[in-house]
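Visitor: Using only what follows, build the 3D model:
(chains A and B)
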Protein chains: 2
Amino acid sequence: MIENRCVVLAQRPQGRPRVSDFKVETRPVPELEDGQLLCKNRFISLDAGFRNWMDEGSGDNVLPAMPLGEPVMGLTLSEVLQSTHADFAKGDILMARFAWEEYTVTNAGDFISPIKDVRYPLNYYLGVLGDTGLSAYFGLTDFGNIQPGDTVLVSAAAGAVGSIAGQIAKIYGARTVGISHGPDKCGRLIRELGYDAAIDRSGADLDQAIAQACPDGIDVYFDNVGGPMLQAVLAHINEEANILLCGSVATYNSTEQVPGPNNLFQLTTKHAHMHGFMTHLNLARYEETRATMAAWITEGRLVIHEHRLQGIDNVGQAFCDLFEGVNFGKTIVEL
Amino acid sequence: MIENRCVVLAQRPQGRPRVSDFKVETRPVPELEDGQLLCKNRFISLDAGFRNWMDEGSGDNVLPAMPLGEPVMGLTLSEVLQSTHADFAKGDILMARFAWEEYTVTNAGDFISPIKDVRYPLNYYLGVLGDTGLSAYFGLTDFGNIQPGDTVLVSAAAGAVGSIAGQIAKIYGARTVGISHGPDKCGRLIRELGYDAAIDRSGADLDQAIAQACPDGIDVYFDNVGGPMLQAVLAHINEEANILLCGSVATYNSTEQVPGPNNLFQLTTKHAHMHGFMTHLNLARYEETRATMAAWITEGRLVIHEHRLQGIDNVGQAFCDLFEGVNFGKTIVEL
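Guide: The predicted structure is shown next:
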């Protein structure tokens, strides 16, 4: 019998998650029944959005609330070790909504996306060619309506999604402005991710910083953070602006409700639009989009940054890192 | 020399406007210079949105802040009495952004929309076939994506825009739910405007009332009020919902900033959209749209309600009525 080390939700995080909210336990892997898969999870993707479902009663149309004492739900890049399911065979590579554990036994439901033809390094399938990179692509492509010379502002600009969004916006001909935390990361935005300008959100006057970095206003805002930043940005949008609501890291950890922007009426007077989107609904377009983005990587137009940790013992830490601004690029754990 | 009675902004309203914020003054009408028009304002349209520009420093891309002691800006239906302008002749009928006054002398700038062929009663051109009715039409038609059986929720459902929006949504095959104030108006929503259900916003539990009136969730929200209602509605939107931000009467009068919805992330998880729009940008489509809507009126599918007062002395009162929930349908003053 295989021993499976998993990261369980030891206690519900109060505000920002801490390493002690998670605990590694060893559990046996059950024998396969008919129509099941046994998978080895090769990489675990860490995504701030999953913080949403760690609270009591937080279940919604996307996921149920995570149960205490059970392995934490996440995204993995997994390899099929054994299959009694007609659609899968040993050696298949899957992008899956599996838990933070070394092995997963599953009935192969909706949240498994097989990677038919593995052409790229495995880690790419959780990052630039996975849900995070594809979120950047689908958001900007489907709802950005970027015209050459447009100003595209990206929050959490050094994060997994933001680091790709800024580069894609640039490929689409935009002038790109990134928001991050601290002079070091802001410098790296410009030097390593090609942003035309950077805004340090730890600075004193956010409004003035936005005005200065976006002298022609904002045509597209790729929003990974929500919260007060969204309000500050709304004051500077242009007519027909598109605001892409990808993530809301400013609110995931809040123990109280964070008030929304008090200037939403800007959308009316600027006849602008706000779009929510969920990347996994575009599964049918993943392969084609991966080819497009892989070509950009090959041409050197899209560079990849990764914050990689090793081993199941470090998954909790890697998740907490997301909220401490430690990462530059995609956060991933290799098992 | 003609004497012109005008309503000036006597003081800036604090919160909800009061009749004493406005004062009728008599001013001489100047002689026409070259390239000017003298118009008789036949009807004045009262629109809550103009409250926005009565505050100090409230100017934006739509209008400058209204100066104290000067005639209040508004929308009028006006007749050309005299013209030294090549494009206009005596007898022309204009929909215009003129002030609250009996006569207007103007250089004929951007905010005049001549009504080439007057086919309908004049008052229609400020109501159902004017900016308010056309706002309902353009919002729902351009951004509603209404499918038969969809639930369309309308706030300020008895107002100038809402009373038309509910009926158009019905014509488009929706199940319509209106929000208004008090059992009397809610009853009229159903009996006189054809709403399938009504929500009394003065009731105790708004969340429960919405859930009860919209058991299948909300596909389209035509928002005339903004504020806390928007937050309550967001909790009940369906996937791919469209929220049409037409007006924000809940915030126009606020002396402090009204916090925005704390659950905007609903747009992301429901991959839903929020659209701001400004009707006057669609001027080129007005004539064609008027014909469509006039046909609905003729067929009895679109009924018109009007809150009409008489004379320049009652313009201030008519404006204040908008915020007291006195009106049912379009508020208008006949001069």
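Visitor: Contacts for the longest helix seen in chain A next, please.
Guide: Taking DSSP state H as the criterion, chain A has its longest helix at helix A:286-298. Here helix A:286-298 makes contact (C-beta atoms under 8 Å, 6 or more residues apart in numbering or on different chains) with A:113, A:116, A:119-120, A:124, A:128-129, A:133-134, A:137-138, A:167-168, A:171, A:282, A:302-304. Where C-beta positions appear, they are placed from N, C-alpha and C, glycine not excepted.
Visitor: buried residues in that helix?
Guide: A:286, A:289, A:290, A:293, A:294, A:296, A:297 (16 or more other C-beta atoms under 10 Å in any protein chain shown).
Visitor: what about residue A:314, is that helix, strand or coil?
Guide: For residue A:314, the assignment made with DSSP: H, G, I helix; E, B strand; the rest coil gives helix.
Visitor: So it sits against residue A:333, correct?
Guide: Yes. Using C-beta atoms under 8 Å, residue A:314 is in contact with residue A:333, at 5.9 Å.
Visitor: And these two? Which one has more around it.
Guide: Counted by other C-beta atoms under 10 Å in any protein chain shown, residue A:314 and residue A:333 do not tie: residue A:333 has more neighbours, with 27 against 19.
Visitor: close enough to count as contact, the more buried one and residue A:313?
Guide: No. Using C-beta under 8 Å, residue A:333 is not in contact with residue A:313; the gap is 9.4 Å.
Visitor: can I assume residue A:41 sits in a helix?
Guide: No. Assessed with three-state DSSP, residue A:41 is strand; it does not lie in a helix.
Visitor: so who does it touch?
Guide: Residue A:41 neighbours (C-beta under 8 Å, 6+ apart): A:76, A:77, A:78, A:98, A:101, A:102, A:103, A:104, A:335.
Visitor: beta partners of it?
Guide: Counting by DSSP bridges, residue A:41 is bridged to residue A:78.
Visitor: Quick check: residues of the stretch 101-250 of chain A near chain B?
Guide: A:226, A:230, A:231, A:239, A:245, A:246, A:247, A:248 (C-beta under 8 Å from any C-beta of the partner chain).
Visitor: Turn the buried ones among the residues you listed into a named PyMOL selection, would you?
Guide: Buried subset of those, written as a PyMOL selection, criterion 16+ other C-beta under 10 Å:
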select buried, chain A and resi 226+230+231+245+246+247+248
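Visitor: out of the residues of the stretch 101-250 of chain A next to chain B, which are inside helices?
Guide: A:230, A:231.
Visitor: Take the residues of the stretch 101-250 of chain A next to chain B and keep only those in strands.
Guide: A:239, A:245 (DSSP state E).
Visitor: The helix or strand hosting residue A:105 pairs with which strands, and in what direction?
Guide: Per DSSP states H and E, residue A:105 falls inside strand A:103-106. Applying DSSP bridges to the sheet, strand A:103-106 is found paired with strand A:37-45 (antiparallel).
Visitor: Could you pull up the mean pLDDT of the partner strand?
Guide: What strand A:37-45 shows for mean pLDDT is 97.
Visitor: picking up where we left off before, need the next SSE after the longest helix of chain A, C-terminal direction.
Guide: strand A:306-310.
Visitor: List the buried residues for that next one?
Guide: A:306, A:307, A:308, A:309.
Visitor: Repeat that for stretch A:35-45.
Guide: For stretch A:35-45, the neighbour count (16+ other C-beta under 10 Å) marks A:36, A:37, A:38, A:39, A:41, A:42, A:43, A:44, A:45 as buried.
Visitor: Extract the CA atoms of it and return them as CSV.
Guide: The C-alpha trace of stretch A:35-45 is given here as CSV (Å, rounded to 0.1, in the frame of the first residue of the first chain):
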residue,chain,number,x,y,z
GLY,A,35,-13.7,3.6,-13.2
GLN,A,36,-11.1,5.2,-11.0
LEU,A,37,-7.6,6.7,-11.4
LEU,A,38,-4.6,6.7,-9.2
CYS,A,39,-2.5,9.8,-9.9
LYS,A,40,0.9,11.0,-8.7
ASN,A,41,0.8,14.7,-8.3
ARG,A,42,3.9,16.1,-9.8
PHE,A,43,3.4,19.8,-9.2
ILE,A,44,1.0,21.7,-7.0
SER,A,45,-0.1,25.2,-8.1
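Visitor: any weak-confidence spans in chain A?
Guide: Where chain A drops to pLDDT under 70, the residues are A:110.
Visitor: can you pull the contacts of residue A:18?
Guide: residue A:320.
Visitor: who touches the closest residue to residue A:301 other than its chain neighbours in this structure?
Guide: Nearest-residue entry for residue A:301: residue A:171, 5.7 Å, with adjacent residues in sequence omitted and distances by C-beta to C-beta, 6 or more residues apart in numbering or on different chains. Neighbouring residues of residue A:171 by C-beta under 8 Å, 6+ apart: A:296, A:301, A:302.
Visitor: Ok, residue A:234 next?
Guide: Residue A:234 is in contact with A:243, A:261, A:263, A:264, A:266, A:267, counting by C-beta under 8 Å, 6+ apart.
Visitor: got it, and residue A:35?
Guide: A:84, A:85, A:86, A:107, A:108.
Visitor: List only buried entries from those residues.
Guide: Buried, going by 16+ other C-beta under 10 Å: A:85, A:108, out of the contacts of residue A:35.
Visitor: Save the contacts of residue A:35 as TSV, and put in secondary structure too.
Guide: TSV is the format used below for these (three-state DSSP):
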residue	secondary structure
A:84	coil
A:85	coil
A:86	coil
A:107	coil
A:108	coil
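Visitor: Identify, from the contacts of residue A:35, the entry nearest to residue B:145.
Guide: Nearest to residue B:145, judged by C-beta to C-beta, of the contacts of residue A:35 is residue A:108 at 34.1 Å.
Visitor: Quick one: residues contacting the closest one.
Guide: With C-beta under 8 Å, 6+ apart, residue A:108 has these contacts: A:35, A:36, A:37, A:85, A:87, A:88.
Visitor: Good, wrapping up.
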